[in-house]
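**Q** Got a predicted model here, sequence first, then my questions.
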Amino acid sequence: MEIVLSEVEARVLGCLIEKEITTPEYYPLSLNALVNACNQKSNRDPHMNLSESDVSQALRGLGQHGLARSASTDSRVAKYEHRLAEMYNFTRPETAILCELMLRGPQTPGELRSRAERMHPFEDLGLVHSTLKHLMEREPPLVGLLPRQPGTKEARYGQLLSGAAEAHNVSTREAPPAQSAKETAPDTSGDEAQRASQLKSKVEHLEKEVADLQRQFAEFRKQFE
């Protein structure tokens, strides 16, 4: 059965999967917790500002597809869980990759390896490529290869559960052969520059605090001279 989810439904489903893996002690999720998970700033692209009504509507849509339901718990507050394992016989690597694609949109294998690590560690890029290949070979395919963007070294992959605009241009043919480690390594120059800038700001802030403490200590000593 082919399923086409809205962007919000994909975000809600991705959040349910992510939280079950990363914070099982808080799973299933209440509606409020699910709204916060959908709107959090980290590990999300694009950032959203969904209301409880938006998320409730998405849950109803996922329920119609058999992908989510109200969970049976002792809590007075209604809680929700996904049913991905009942719909698809996924391995943990496949679950992690598909979840990451739902939460952040199309990504390169290098990005997927780094970002999905909190849900499943991938020893090398070869495992990421093989997992993507398995998802592409499903019937119907759940992942597709996007056309390479001008000026980029790596191709990106997108999930096909939702009707995102970019998904219409993806290829579900076999992924290209793995490139060399140098070619497939993610471009982290931008991240490194950002981290360097952040460290510089922290150092400057600490230096200012030390200078202020030295000045205060000097004034304190004068009181006893």
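**A** That came in fine, so what should we check first?

**Q** and the chain, what are its domains?
**A** 7-87, 105-184, 188-225 (automatic domain parsing).

**Q** so how far is the second one from its chain's centroid?
**A** Using C-alpha atoms, centre = their mean, to the nearest Å, the mean C-alpha position of domain 105-184 is found 14 Å from that of the whole chain.

**Q** what about Tyr157, how many residues close to it?
**A** 26 (other C-beta atoms under 10 Å). (C-beta placed from N, C-alpha, C; glycine too.)

**Q** so Arg113 touches His129, yeah?
**A** No: in this structure, Arg113 is not within contact of His129 by C-beta atoms under 8 Å, at 9.7 Å.

**Q** quick one, what contacts the nearest residue to Ser51 once chain neighbours are set aside?
**A** Take Ser51 and drop its neighbours on the chain: the residue closest to it by C-beta to C-beta, 6 or more residues apart in numbering is Val35, 7.3 Å away. Contacts for Val35 (C-beta atoms under 8 Å, 6 or more residues apart in numbering) come out as 50-52, 55.

**Q** so how far is the first residue of stretch 126-145 from its last?
**A** 16 Å (C-alpha to C-alpha, to the nearest Å).

**Q** For that stretch, buried residues please.
**A** Across stretch 126-145, burial judged by 16 or more other C-beta atoms under 10 Å covers 127-129, 131-132, 134-136, 141-145.

**Q** How about stretch 37-45?
**A** 37-39, 44.

**Q** Let me know the closest of those residues to Leu59.
**A** Cys38 (10.9 Å; C-beta to C-beta).

**Q** So that closest one sits against Val12, correct?
**A** Yes: if you go by C-beta under 8 Å, Cys38 and Val12 touch, sitting 6.1 Å apart.

**Q** between those two, what contacts are shared?
**A** Val55.

**Q** residue ranges for the strands of the chain, please.
**A** Taking DSSP state E, the strands of the chain run over residues 29-30, 68-70, 79-82, 143-145, 157-159.

**Q** Could you tell me which strands sit next to the third one in the sheet, and their orientation?
**A** Strand pairing for strand 79-82, determined by DSSP bridges: strand 29-30 (antiparallel), strand 68-70 (antiparallel).

**Q** Need the strands of the chain in TSV (columns: distance to Val8).
**A** TSV is the format used below for those (distance: least, C-beta to C-beta, whole Å):
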stretch	distance to Val8
strand 29-30	15
strand 68-70	12
strand 79-82	14
strand 143-145	20
strand 157-159	15
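
**Q** In JSON lines: those, plus mean pLDDT and distance to Asn89.
**A** Below are the strands of the chain laid out as JSON lines (pLDDT from 0 to 100; distance: least, C-beta to C-beta, whole Å):
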{"stretch": "strand 29-30", "mean pLDDT": "97", "distance to Asn89": "24"}
{"stretch": "strand 68-70", "mean pLDDT": "97", "distance to Asn89": "18"}
{"stretch": "strand 79-82", "mean pLDDT": "98", "distance to Asn89": "15"}
{"stretch": "strand 143-145", "mean pLDDT": "95", "distance to Asn89": "16"}
{"stretch": "strand 157-159", "mean pLDDT": "96", "distance to Asn89": "17"}
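
**Q** Sounds good, over and out.
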